[in-house]
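Novice: build the 3D model from these lines:
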Amino acid sequence: MRDNTISGIVAYPVTPYSTTGQVDADALRALLDRMIDAGVDAIAPLGSTGESAYLDRAEWEQVAAICVERTAGRVPTVVGVSDLTTDGTIARARYAEAAGASAIMVLPISYWPLTERELREHFTAVAESVGIPVLVYNNPATTGIDMSPEFLVELIEQTPAIRMIKESSGDIGRMHRIRELSGGTIPFFNGSNPLALQAFQAGAAGWCTAAPCLVPEQVVDLWRLLRAGEPDRAAELFTRLQPLLTMLVSRGLPTTVKAGLRALGVEAGDPRRPLLPLEPEETRELTALISTARG
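Specialist: Residues are numbered from 1 along each chain as shown. Have a look, this model is predicted:
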């Protein structure tokens, strides 16, 4: 068993569905094994890649339980617990903790724009409801809520249970600012695929990405090369990966990743409607990019 320190490649699995539209537990277990065997450093189910927003509560609990059980302490698990209400998020956070998650990730979800006071109270209430670390997640593209580095660092300084930041705005300057404001003491994770190399250079503790669903060995190799002090080889590998990383976010991660898995002969079903599968021409392009990335 590895220790529970979270860093490096944090892999985001999709939620596979059967032909009848139910969660495909066997396919999910196989996907987790493939990524862990390839050497990813943590598993983070039930984010946007895992279609958390499209699952009902029973399905969400099923996926959370399967991921924690199958990971079995081989790597840490960071379970996404976001819900529209604070009470709903707390309920999911407590379920994840009881299931054995190493940490939880919280993304603010709201129909109405949230003020900083509302955000602060929401995150604090969730963090204080559990005894495991909290990763606060900024992704303005999906939530419409943009939390500044200043707000995030202050939030962590005031709430000890919140220990990490996932920054997915796509602005590398935010990561430099988090490091500057915290004196390098707050671990932050990159959630923007095209910025992966720059983020590590800026001091990111890790890269949260769905790419290991498709090219796990190559993504792991990138992190290992950087840790080994071989930036030139890492940059060469990233150049090969970058077109695929860019396409993965171009149409929504569940849609592109599931199409890519199907192209590799791994069936994870279609994304849940209203999301639709890739068009044939897009699938051909994606398949070619996967082949190039694998070398």
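Novice: can you name the residues that contact T143?
Specialist: By C-beta atoms under 8 Å, 6 or more residues apart in numbering, the contact set of T143 is 107-110. The way it works is simple: take the backbone N, C-alpha and C, and place the C-beta from them, glycine included.
Novice: ditto for I172
Specialist: Applying C-beta under 8 Å, 6+ apart, the residues near I172 are 195, 198-199, 202.
Novice: just flag the most distant two among the contacts of T143.
Specialist: Using C-beta to C-beta, those span at most 10.3 Å, a distance reached by L107 and S110.
Novice: who's more crowded, these two?
Specialist: L107 (23 against 14; other C-beta atoms under 10 Å).
Novice: mind checking how far the more buried one is from L46?
Specialist: 10 Å (C-beta to C-beta, to the nearest Å).
Novice: before we move on, what about E97?
Specialist: Taking C-beta to C-beta as the measure, E97 falls 14 Å from L46.
Novice: those two: which has the busier surroundings?
Specialist: Applying other C-beta under 10 Å to E97 and L46 shows that L46 carries more neighbours, namely 29 against 18.
Novice: the residue nearest to that one when sequence neighbours are not counted pairs with what?
Specialist: Here the nearest residue to L46 in space, its sequence neighbours aside, is G80; by C-beta to C-beta, 6 or more residues apart in numbering that works out to 3.8 Å. Judged by DSSP bridges, the bridge partners of G80 are M105.
Novice: numbering from 755 from now on, please.
Specialist: Done: numbering now begins at 755, and the last item shifts to G834.
Novice: how about G834, what does it touch?
Specialist: Counting by C-beta under 8 Å, 6+ apart, G834 makes contact with 798-801, 804, 806, 858-861, 891.
Novice: over to P903?
Specialist: Shown in contact with P903 (C-beta under 8 Å, 6+ apart): 921, 928, 931-932, 935.
Novice: how about low-confidence regions in the protein?
Specialist: Residue ranges of the chain with pLDDT under 70: 755-758.
Novice: what do you get if the cut-off is 90, keeping everything else the same?
Specialist: Residues of the chain that meet the criterion pLDDT under 90 lie in 755-759, 864-865, 867, 895-896, 1004-1005, 1049.
Novice: list the buried residues for the helix of greatest length in it?
Specialist: Longest helix of the chain, by residue count under DSSP state H: helix 985-1002. Neighbour counts over helix 985-1002 (16 or more other C-beta atoms under 10 Å) mark 988, 991-992, 994-996, 998-999, 1001-1002 as buried.
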